[in-house]
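Undergrad: requesting a structural model of the entry that follows:
(2 chains)
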Number of protein chains: 2
Amino acid sequence: MLCKLQLFTGYDVKRFVKHYTIAEIQGWSRIYRANFVNSLSGFKPVSLIATVGKNGQPNLGVFSNIVHLGADPALIGFINRPKEAAPHTIRNIEDTGCYTINHIRPDFADKAHQTSAKYPEAVNEFEAVGLTAVFKDGFIAPYVEESLVQMALSLSEIIPLSNGTFLIVGALEHAYVNEHAVAKDGFIELAKQESMVSLGLDAYYTTSPVQRFAYAKPDQPLGELSF
Amino acid sequence: MLCKLQLFTGYDVKRFVKHYTIAEIQGWSRIYRANFVNSLSGFKPVSLIATVGKNGQPNLGVFSNIVHLGADPALIGFINRPKEAAPHTIRNIEDTGCYTINHIRPDFADKAHQTSAKYPEAVNEFEAVGLTAVFKDGFIAPYVEESLVQMALSLSEIIPLSNGTFLIVGALEHAYVNEHAVAKDGFIELAKQESMVSLGLDAYYTTSPVQRFAYAKPDQPLGELSF
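TA: A predicted model of the protein is given here:
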C-alpha cells in the first residue's frame, strides 16, 4: 500500500511521465506506433458487429470504435477501417442496410477476438470461432446469441474520412437488454451485464462502478446518484 | 456464488432479457430515452478537452465520445454536440486549431463532471471546478495538470453529421504518459494510470485487465499475451 500511495499522490504521481513528440512517434516501427497510439485515446466500447451479404452469408467482426451520436433520433456510429483492410462488414451494410451490435462478455472474449483473423469471404465467422447466430423479429442480420446486450441498426449514412476510414452511422431499430439492468431513469448498468471494454489492438477489460453524478449546475455543489 | 452461476450460465442468463422496439423507445420521456440510448452503445473513453478562445480565455469540458481513427498518421476524433447545446469547445477549436485531451482519474471525477454545467462564456472552467491549467511546449491550449495521460492535437477536419453533431478530427502533436505504463510493444496499460470510462450521461467506472490476445489468424488457436 505504501507503494501505491507513493505512486498516486502528490508530486510522485508525475515522476515518470514522459513527453513524446509526434516526430518521435512517427519514427517508431509500425506495430509499436499502432499499439501506442491505439491505446492513447483510452478504453473503447468493444462489440461484435454482425451482417449478412447479398447471398445471405453471415459475417461477424469485432469493432471497438463505436460512438453514441444522439438519443432522438437514436443514432450510433462506428469506424470501419479502409476497405482494403476490412472489406466485408462495410460492404454487407452497403448492400443490405442492416447490422447488429452485440456486447462482449469475458466468457467469449477469446472467440470475439478471433473474429479479427482475416478469414476468406466465404467463411462464416460465427461458425469459425464458435459463436451462435440468432435471427429475431424478421431482421435480416443475425444477433450473437451469447451476447447479453444486443441491438439492431439500419444504415443512416456512411461518411468517408480523410485517412481512408469510414464513419458508419446507424439508426437504432431494436434493443435487447436485461430489464433488471435498466434503472428507474433509463440508465443501463452495463457492469452487471459484464459488458467489456477494449484497449489498443488486443486487450480486454471489465469495469467497476465508481460514481453516478447528478446533473451539474453552475454555483451548485455536485450531487451524487446511486447505481 | 450459486446466484452468480445461475445468473450467468446457460438458459438463465437470458431469462430477463427484454425486447425494446424503436417505437417504444421513441415514446419514452426525453430524459429516460437519453439515459437508455446513451448507455446502450457501451462504455466510453471519458476525457477532459481543453481549449483557449481567441482572447486567450481557457475552456474545459468533459467529452466521452472519442474514437481512435488511425495510427499513421495518428488521428483521434471526438463528437461535439450541436452548437446550441455545446458552443465553446468547437468554436475555440475552429478559431485556434488546437486542443488537448486529458484522461480522468477517480481523484477528480467529480470536478471533471462539474465541467458539464452550463457556465457562461466568460467563466474559466478550470477555476470554476478547481482543476489546474498547465501550458507546455509552447502549445496554446492548456493541459489538465491533475491528469496522468495527456495529449495535444491540431485540428484536421470538422465534419457536420445529419443530427446536428460534429465529428472533430485532430492530429496528434504531443503525448504525456508514464513511461513505465508503456509496454515493450508500445501498448499503454491504462488501468495502471487509473484512466476511467464513463457510461450514459453521468456514470464513471474504473477498469480491470482481463486478457491480451495475440494477433488472430485463421486456423490457428488464439494465443494470449501478458499485461
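Undergrad: only C-alpha atoms for contact and neighbour calcs from this point on.
TA: Will do.
Undergrad: where in chain A is pLDDT low?
TA: A:1-12 (pLDDT under 70).
Undergrad: run the last query once more with 90
TA: By pLDDT under 90, the weakly predicted segments of chain A are A:1-15, A:84-86, A:219.
Undergrad: most residues in a single helix of chain A, which one?
TA: Counting by DSSP state H, the longest helix found in chain A is helix A:30-40.
Undergrad: got the CA positions of that helix in PDB?
TA: These are the backbone C-alpha positions of helix A:30-40, laid out as PDB (Å, rounded to 0.1, in the frame of the first residue of the first chain):
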ATOM      1  CA  ARG A  30       4.600   0.300 -37.400                       C
ATOM      2  CA  ILE A  31       3.400  -2.100 -34.700                       C
ATOM      3  CA  TYR A  32       4.900  -0.100 -31.800                       C
ATOM      4  CA  ARG A  33       3.300   3.100 -33.000                       C
ATOM      5  CA  ALA A  34       0.000   1.300 -33.600                       C
ATOM      6  CA  ASN A  35      -0.100  -0.200 -30.100                       C
ATOM      7  CA  PHE A  36       0.800   3.200 -28.500                       C
ATOM      8  CA  VAL A  37      -1.500   5.500 -30.500                       C
ATOM      9  CA  ASN A  38      -4.400   3.000 -30.300                       C
ATOM     10  CA  SER A  39      -4.100   2.800 -26.500                       C
ATOM     11  CA  LEU A  40      -3.500   6.500 -26.000                       C
END
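Undergrad: ok, it near chain B or not?
TA: Yes. Counting by CA under 8 Å from any CA of the partner chain, contacts between helix A:30-40 and chain B involve A:31, A:32, A:33, A:34, A:35, A:36, A:37, A:38, A:39, A:40.
Undergrad: could you list the buried residues of that helix?
TA: For helix A:30-40, burial by neighbour count (16 or more other CA atoms under 10 Å in any protein chain shown) applies to A:32, A:33, A:34, A:35, A:36, A:37, A:38, A:39, A:40.
Undergrad: quick one: residue A:95 and residue A:53 touch, right?
TA: Yes. At 7.1 Å, residue A:95 and residue A:53 qualify as touching, with contact defined as CA atoms under 8 Å.
Undergrad: between the two, which has more neighbouring residues?
TA: Between residue A:95 and residue A:53, counted using other CA atoms under 10 Å in any protein chain shown, the more crowded position is residue A:53 (19 against 13).
Undergrad: okay if I get the buried residues of helix A:30-40 as JSON lines plus distance to residue B:211?
TA: Shown next, in JSON lines, are the buried residues of helix A:30-40 (distance: CA to CA, whole Å):
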{"residue": "A:32", "distance to residue B:211": "19"}
{"residue": "A:33", "distance to residue B:211": "21"}
{"residue": "A:34", "distance to residue B:211": "18"}
{"residue": "A:35", "distance to residue B:211": "15"}
{"residue": "A:36", "distance to residue B:211": "17"}
{"residue": "A:37", "distance to residue B:211": "19"}
{"residue": "A:38", "distance to residue B:211": "17"}
{"residue": "A:39", "distance to residue B:211": "15"}
{"residue": "A:40", "distance to residue B:211": "18"}
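Undergrad: lovely, talk soon.
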